[in-house]
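**Student:** sharing a model that was predicted from the sequence below.
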Amino acid sequence: MQLVGTVTVGSGGPSTIEFTNIPQSGKDLLLLVSSRDNNQRFYVGLNGGAYTTFSFRRLLGDGSSVSSGSSTTITVMSTSNGHTGNTFGNAAIMITNYTSNNNKSISVDAVTENNATLAYQMIGAGTSNATAAVTSVAVGDTIFEVGSSASLYIIS
Amino acid sequence: MSDTPVKIVIDLSKPEGEREQILPLTPEEIAQREIDAAQFAQEQAEREAAEAQRQANKESAKAKLAALGLSDEEVAALLG
């Protein structure tokens, strides 16, 4: 597994973090995100922005109940900037066979942090409607707080 | 100062130290943000409504069991 890029938000509150021109030298992609943001969630997108249509299903716990759901976007829960200070959520996003010409399978495993009952745990999986090799991955549609980070790994 | 949201782009084809750029979102990206936010708000409202209904059903069941003569401890043992 090789780290190919990492970024930590220093200032400016970016809406999106996007890795472009991903080397086509591996088999799978693993994106690790440590985040604190204003929307308590972010989206994952492939090839050209934060927005691609997916068929995605997820299980979600919020500290007092559980639910399941489906969506055409991949929503990943993130620690809210209204929750306990200096805490961050963690998310692992796996994209398998990213250089293939098949629909891309994606799985998500994420937790958020809060010194209260309300904190999220989610797992989800889905496929994209896109078949082209993945050359860019983005997480966004929120405002990331200072200290949030994203790291992209290639698994050979 | 502009309120246009920005994104960090990490171009992996460039040498380290030259990869990061901060760029404004395009109008299309901004429009999509609004669509996604609306969808998420709807999903969240549905989730909260389902949870509220579940709680209401639980309280109703407790009341009916109590009316049958079960003690609070017996109701708690049944409902967990």
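**Tutor:** Received the coordinates, thanks. Residues are numbered from 1 along each chain as shown, chains lettered A, B, ... in the order given.
**Student:** show me what the helix ranked longest in chain B is packed against.
**Tutor:** Assignment by DSSP state H gives helix B:27-67 as the longest helix of chain B. Applying 3 or more C-beta pairs under 8 Å, 6 or more residues apart in numbering or on different chains; DSSP states H and E, one finds that helix B:27-67 contacts strand A:66-71, helix B:72-79. C-beta: built from backbone N, CA, C; applies to glycine.
**Student:** return the set of buried residues in the longest one.
**Tutor:** What that stands for is helix B:72-79. For helix B:72-79, burial by neighbour count (16 or more other C-beta atoms under 10 Å in any protein chain shown) applies to B:Val75.
**Student:** again, but for the shortest one
**Tutor:** Neighbour-count burial for strand A:66-71, counted by 16+ other C-beta under 10 Å, picks out A:67, A:69, A:71.
**Student:** ok, and which of those residues reach chain B?
**Tutor:** A:67, A:69, A:71 (C-beta under 8 Å from any C-beta of the partner chain).
**Student:** output these in a markdown table; the columns should cover distance to B:Arg54 and pLDDT.
**Tutor:** Listed next are these as a markdown table, based on distance: C-beta to C-beta, whole Å; pLDDT from 0 to 100:
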| residue | distance to B:Arg54 | pLDDT |
| --- | --- | --- |
| A:Ser67 | 10 | 87 |
| A:Gly69 | 15 | 87 |
| A:Ser71 | 21 | 85 |
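**Student:** of those residues, which is the nearest to chain B?
**Tutor:** For those, the minimum distance to chain B (C-beta to the nearest C-beta) is 5.2 Å, reached by A:Ser67.
**Student:** if I pick that closest one, what's in contact with it?
**Tutor:** A:59-60, B:47, B:50-51 (C-beta atoms under 8 Å, 6 or more residues apart in numbering or on different chains).
**Student:** next, the angle from the longest helix of chain B to strand A:66-71.
**Tutor:** On the basis of axes from the mean of the first three to the mean of the last three C-alpha atoms, to 10 degrees, helix B:27-67 is oriented at 150 degrees to strand A:66-71.
**Student:** of all the helices and strands packed on helix B:27-67, which one comes closest to A:Ser136?
**Tutor:** Closest approach to A:Ser136 among those (C-beta to C-beta): strand A:66-71, 21.1 Å.
**Student:** do the next helix or strand after that closest one and chain B meet at all?
**Tutor:** The helix or strand immediately downstream of strand A:66-71 is strand A:74-77, counting by DSSP states H and E. Yes: on the criterion C-beta under 8 Å from any C-beta, strand A:74-77 is in touch with chain B at A:Thr75.
**Student:** now strand A:74-77: mean pLDDT?
**Tutor:** In this model, strand A:74-77 carries a mean pLDDT of 91.
**Student:** tell me which strands that strand pairs with, and in which orientation.
**Tutor:** Using DSSP bridges, the strands paired with strand A:74-77 are strand A:41-46 (antiparallel).
**Student:** please enumerate the strands of chain A.
**Tutor:** Counting by DSSP state E, chain A has strands at residues A:2-8, A:16-20, A:28-37, A:41-46, A:54-61, A:66-71, A:74-77, A:79-80, A:89-95, A:105-111, A:121-128, A:137-140, A:149-155.
**Student:** contacting residues for A:Ile154?
**Tutor:** Contact partners of A:Ile154, counting by C-beta under 8 Å, 6+ apart, are A:1-2, A:4, A:22-23, A:25-26, A:28-30.
**Student:** can you read off the pLDDT for residue 35?
**Tutor:** Since no chain was named, I'll use chain A. Per the predicted model, pLDDT is 95 at A:Ser35.
**Student:** hmm, I had chain B in mind actually
**Tutor:** For B:Ile35, the pLDDT comes out at 79.
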